[in-house]
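> got a sequence here, can you build the structure:
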Amino acid sequence: MVNPRAGKGRVGRELPRLANIIEGRGSHPEILLTEHGGHAVELARDAARRGADTIVAVGGDGTVNEVVNGMISDDRPVGTSRFAVIAAGSGCDFARSFDLPKDVDDHLGAFDGPLRPLDVGRIDCAARDGGTTIRYFVNIAEAGMAAATVARASQYPRWMGRSRYVVAFWPSLARFKPVKLNVSTTNGSFTGVAHNALVANARYFGGGMHISPHSNPSDGLFDAQVSIGPKRQAFTMIPRFFRGTHLPDPRIIQLTATAFRIEAERPIPVEADGEVVGETPATFTVLPGVLQLLA
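Numbers count the residues shown, from 1 in each chain. This next block holds a predicted model:
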């Protein structure tokens, strides 16, 4: 599944070269181009049902998320396809957790490597237009100010790339009001005022922030961080987020569990892998090893 618009159009321009490299290695891939939001979900679902050996997401975190949602239905894999990623978008933080090479040529050489089980997260949350919605994710999910930033960024043109989030951050910081949350797990709970709750399956987000340095996408667990400090913490701690040195911190409540339930005194937005999926109340559940990742 190729998003030709990823990387500000760079992926589309390099696609012929990519195809030549793959064919030169003796493979004959079926290259499917995404044409609109959600299209990769449809393409991946169809490929899995047709028995594709490996489904490759070529693009950023949004493409990865859509392909994963196409490969899973009712918490089970659709078919027996393996999953692989070529990090070719303006941002693919998921790939960083596996030290996947940034160079496409090097990454293709790794496709003969070992398989590893990949945990997938399931989100059940309130739909913004009423009712409920279900979405799967493999990287990071959040409820609160960060999700509000993602929601605002989605209103800006795609050609802005990752800079959309930088532009959206400042008005979100100014307007978002901390809220009383109840975060419950099988291992304990937290109740108090916070501005953000993060649920991590993998380790990186936000263009290279090492936000959850201890997360392992194959251990069957989520690592959560509830930010209870002042809102400016989201800005002042940015250098530490990139280095992965922000933990432990008394302003961040850490929880580890197989499932989380987040409720808020008012509905707050929920995002996963950089896409807004709904709002609280929301439940996050680990599906251990549901996919096989070629990395």
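
> show me the contacts for the nearest residue to F137 once chain neighbours are set aside.
Nearest non-adjacent residue to F137, counting by C-beta to C-beta, 6 or more residues apart in numbering: A272, 3.7 Å away. Using the backbone N, CA and C atoms, a C-beta is placed for each residue, glycine as well. Residues in contact with A272 (C-beta atoms under 8 Å, 6 or more residues apart in numbering) are 65, 121, 123, 135, 137, 139-142.

> can you list which of those are found in helices?
Counting by DSSP state H, the contacts of A272 place N65 in helices.

> need the contacts of A272 in JSON lines with neighbour count, can you?
Shown next, in JSON lines, are these (neighbours: other C-beta atoms under 10 Å):
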{"residue": "N65", "neighbour count": "24"}
{"residue": "G121", "neighbour count": "27"}
{"residue": "I123", "neighbour count": "22"}
{"residue": "R135", "neighbour count": "22"}
{"residue": "F137", "neighbour count": "26"}
{"residue": "N139", "neighbour count": "28"}
{"residue": "I140", "neighbour count": "28"}
{"residue": "A141", "neighbour count": "30"}
{"residue": "E142", "neighbour count": "27"}
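
> out of the contacts of A272, which is nearest to A148?
E142 (9.5 Å; C-beta to C-beta).

> tell me, what's the model's pLDDT at the residue nearest to that closest one when sequence neighbours are not counted?
What sits nearest to E142 in space, not counting adjacent residues and going by C-beta to C-beta, 6+ apart, is L198, at 4.9 Å. Note for L198: predicted pLDDT of 97.

> so which strand or helix has L198?
Element membership for L198 (DSSP states H and E) is strand 196-200.

> just the CA coordinates of the next helix or strand after that strand, formatted as CSV?
Using DSSP H and E, the next helix or strand after strand 196-200 towards the C-terminus is strand 222-227. Extracted as CSV, the C-alpha positions of strand 222-227 are listed here (Å, rounded to 0.1, in the frame of the first residue of the first chain):
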residue,chain,number,x,y,z
PHE,A,222,0.5,-0.7,27.4
ASP,A,223,2.5,2.0,29.2
ALA,A,224,0.4,5.1,30.1
GLN,A,225,1.5,8.5,31.2
VAL,A,226,-1.0,11.0,32.7
SER,A,227,0.4,14.6,32.7
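
> strand partners (parallel or antiparallel) of strand 222-227?
Partners of strand 222-227 in the sheet, by DSSP bridges, are strand 196-200 (antiparallel), strand 252-257 (antiparallel).

> quick one: the strands in the stretch 151-295 of the chain?
Assigned by DSSP state E, counting those that start in this stretch, the stretch 151-295 of the chain shows strands spanning 179-185, 189-194, 196-200, 222-227, 252-257, 259-264, 269-272, 275-294.

> what's next to the second one, contact-wise?
Think strand 189-194. Taking C-beta under 8 Å, 6+ apart as the rule, strand 189-194 contacts 144, 178-183, 226-228, 253, 255.

> got the buried residues for it?
190, 194 (16 or more other C-beta atoms under 10 Å).
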